[in-house]
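Peer 1: Need the 3D shape of this:
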Amino acid sequence: KCHSKLMLLRTQTLLESDAKLSLLIMRVKALTAEYNQWQKRTPEITSNNPDVLLALGKEELQKVKNDLEMLLSTVKAKNKQLEDDLKREEQWHEEQEEILDCLNGIEEDTRTQIAKFSQTSLTVTTCNELQNKLLKLKLYKEELLKALGDFLEEHFPLPEKGGSIKKMTSEEPAVELITLREILEILVSQLMKTPHEPYVTISDSFWPPYVELLLRYGIALRHPEDVDRVRLEAFH
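Peer 2: Residues are numbered from 1 along each chain as shown. Purely as a prediction, here's the structure:
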């Protein structure tokens, strides 16, 4: 021990260039000192007595047995600790797997909700677009109807303002005439409500020149079997 301490102390103060040489010198001195100690030591002489040899053998075996028992006890304790650690690791592993399964389930649910939300958003967006288009179509329809009404009232008025036509028979009262716009509205309404029966009976309130005008330009058609019934041409 003293030689080792001296070697360490001396190697700390040496330069790097002389460190290897000094270390070898110190090892030589240590080995020399150990050699001298072994030279001075007198070896113990073991008795030749069989009983003494047997006792010494038993003593050595007992020491070996005790050492092995201590080693076995240590190994068992170490194994027990390792088993406990293994159980804890297995339990932790199971918990981590459960957490992973739970997270996977949450991820799957989240993806499903995102997909549903996307579909819902798409549906809502589509509905809004359709509603906007429908509103635009309604406004456009109202504009067309207003423009058509203004055109008809300006160019196709009644033959007399507040005028009426009298029947050949004086027993019946005068019939109030309707405008061309009203005639067209009746024909359109009949065609839309009952497309299977679009014909309208020509009443006395229909001014004959307007009826002939509609028939001449193909806007209205007569019934093939009843000349008093007309229908609007199905332009749509």
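Peer 1: For this protein, give me the ranges with low pLDDT.
Peer 2: Along the chain, segments meeting pLDDT under 70 span 9-18, 43-47, 160-174.
Peer 1: got the CA coordinates for stretch 128-141 in PDB?
Peer 2: Below are the C-alpha coordinates for stretch 128-141, written out as PDB (Å, rounded to 0.1, in the frame of the first residue of the first chain):
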ATOM      1  CA  ASN A 128     -76.200  27.600 -47.700                       C
ATOM      2  CA  GLU A 129     -75.000  27.700 -51.300                       C
ATOM      3  CA  LEU A 130     -78.300  26.100 -52.500                       C
ATOM      4  CA  GLN A 131     -80.300  28.500 -50.400                       C
ATOM      5  CA  ASN A 132     -78.400  31.500 -51.800                       C
ATOM      6  CA  LYS A 133     -78.900  30.200 -55.300                       C
ATOM      7  CA  LEU A 134     -82.600  29.600 -54.600                       C
ATOM      8  CA  LEU A 135     -82.900  33.100 -53.200                       C
ATOM      9  CA  LYS A 136     -81.200  34.600 -56.300                       C
ATOM     10  CA  LEU A 137     -83.600  32.500 -58.500                       C
ATOM     11  CA  LYS A 138     -86.600  33.800 -56.700                       C
ATOM     12  CA  LEU A 139     -85.400  37.400 -57.000                       C
ATOM     13  CA  TYR A 140     -84.700  36.800 -60.700                       C
ATOM     14  CA  LYS A 141     -88.100  35.300 -61.100                       C
END
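Peer 1: what distance separates that stretch from the centre of its chain?
Peer 2: 33 Å (CA atoms, centre = their mean, to the nearest Å).
Peer 1: just stretch 214-222 next, same as before
Peer 2: For stretch 214-222, the distance to the chain centre is 61 Å (CA atoms, centre = their mean).
Peer 1: Residues touching that stretch, excluding its own?
Peer 2: 183, 184, 187, 211, 213, 229, 230, 231, 232, 233 (CB atoms under 8 Å, 6 or more residues apart in numbering). All C-beta spots, glycine's among them, are computed from the backbone N, C-alpha and C.
Peer 1: ok, now stretch 195-210?
Peer 2: Against stretch 195-210 from outside (CB under 8 Å, 6+ apart): 156, 158-159, 165, 167, 175-178, 180, 183, 186-187, 190-191, 211, 223, 226, 228-232, 234.
Peer 1: from these, which ones fall inside helices?
Peer 2: In this view, the contacts of stretch 195-210 that belong to helices under DSSP state H are 180, 183, 186, 187, 190, 191, 211.
Peer 1: In terms of distance to residue 102, which of the contacts of stretch 214-222 ranks first?
Peer 2: Of all these, residue 232 has the smallest distance to residue 102: 68.3 Å, by CB to CB.
Peer 1: re earlier: return the member of the ones in helices among the contacts of stretch 195-210 nearest to residue 96.
Peer 2: Distances from residue 96 to those, taken by CB to CB, are shortest for residue 191, at 73.6 Å.
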